[in-house]
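A.B. asks: pasting the structure only:
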């Protein structure tokens, strides 16, 4: 075989029982290396002391720098509960530029509040009656001196308070006997019509109207009987 430079030799994948001649520099002897021998060399990681191992030779457990999971700008998974009050990484109101749930404000913090208040009346103020020109005043705004239409005291059927003295003789609203179907304290009665239970003789005066009269006596006249009585 003619002499050929190593760099000019054709490439070939070593496999199976293929052999590669090895020339020991400075010696006249040669030896050979099989594909199995070469495979045994590269499986020992301690033999790799220089160069760079191709990424394709790495296992699936290895993460390469181009993996998006290594980026700080990637969208995190939902975890807001960790930042809530009592969470493992709780945020305070000031951490996110917020005010505490319970807080106060100065008047100057509210836009136009002071100007608006300046145009209002004081909480304690009064109005002239002439200022009320429309609408209907609520009953709740009336004083206790005012009586509303629903007051039972306005009913004619209500029971009056005791006031008979005003109707007595000499009272402010005196009643006469005839106003209540009565007679004057000083009055007379006709015996014939106003007094019941009297015998007829009481009003007639006639002897003939008497009952149980005594038998007439021949020796005594009627005139004598009357005279004796």
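C.D. replies: Arrived safely. Worth saying up front: this structure is predicted, and the values here are computed from it rather than measured. Numbers count the residues shown, from 1 in each chain.

A.B. asks: and residue 228, what pLDDT?
C.D. replies: pLDDT for residue 228: 56.

A.B. asks: Hmm, I typed the wrong one, I wanted residue 223.
C.D. replies: pLDDT, residue 223: 60.

A.B. asks: again with residue 206
C.D. replies: If you check residue 206, the pLDDT there is 79.

A.B. asks: go on, residue 29?
C.D. replies: You'll see residue 29 listed with a pLDDT of 54.

A.B. asks: What ranges in the chain fall below the confidence cut-off?
C.D. replies: Across the chain, the ranges flagged by pLDDT under 70 are 1-45, 214-229.

A.B. asks: so residue 168 sits right up against residue 179, yeah?
C.D. replies: No - in this structure residue 168 lies outside contact range of residue 179 using CB atoms under 8 Å: 11.9 Å. Heads up, the C-betas are built off the backbone N, CA and C, glycines and all.

A.B. asks: shared neighbours of the two, which are they?
C.D. replies: Overlap of the contact sets of residue 168 and residue 179 (by CB atoms under 8 Å, 6 or more residues apart in numbering) is empty.

A.B. asks: can you give me the strands in this protein?
C.D. replies: 19-23, 30-34 (DSSP state E).

A.B. asks: tell me the contacts of residue 200?
C.D. replies: residue 209.

A.B. asks: how near is it to residue 190?
C.D. replies: 15 Å (CB to CB, to the nearest Å).

A.B. asks: try residue 155
C.D. replies: Look at residue 155 and residue 190: by CB to CB, they are 46 Å apart.

A.B. asks: Around residue 113, how many other residues sit close by?
C.D. replies: Neighbourhood size, residue 113 [other CB atoms under 10 Å]: 13.

A.B. asks: Not counting residues beside it along the chain, what's closest to it?
C.D. replies: residue 107 (5.3 Å; CB to CB, 6 or more residues apart in numbering).

A.B. asks: Now for the one you found: which residues touch it?
C.D. replies: Here residue 107 is in contact with 113-114, 117 (CB under 8 Å, 6+ apart).

A.B. asks: I'd assumed residue 210 was in contact with residue 201.
C.D. replies: Yes - under the criterion of CB under 8 Å, residue 201 makes contact with residue 210 at 5.3 Å.

A.B. asks: Could you report the neighbour count for residue 83?
C.D. replies: Around residue 83 there are 14 residues (other CB under 10 Å).

A.B. asks: my bad, residue 91
C.D. replies: 14.

A.B. asks: do residue 149 as well
C.D. replies: By other CB under 10 Å, 6 other residues sit near residue 149.

A.B. asks: Break down the protein into its helices, ranges please.
C.D. replies: 35-42, 80-83, 113-118, 191-194, 200-204, 222-228 (DSSP state H).

A.B. asks: now the residue nearest to residue 113: how far from residue 115?
C.D. replies: Distance, residue 107 to residue 115, by CB to CB: 10 Å.
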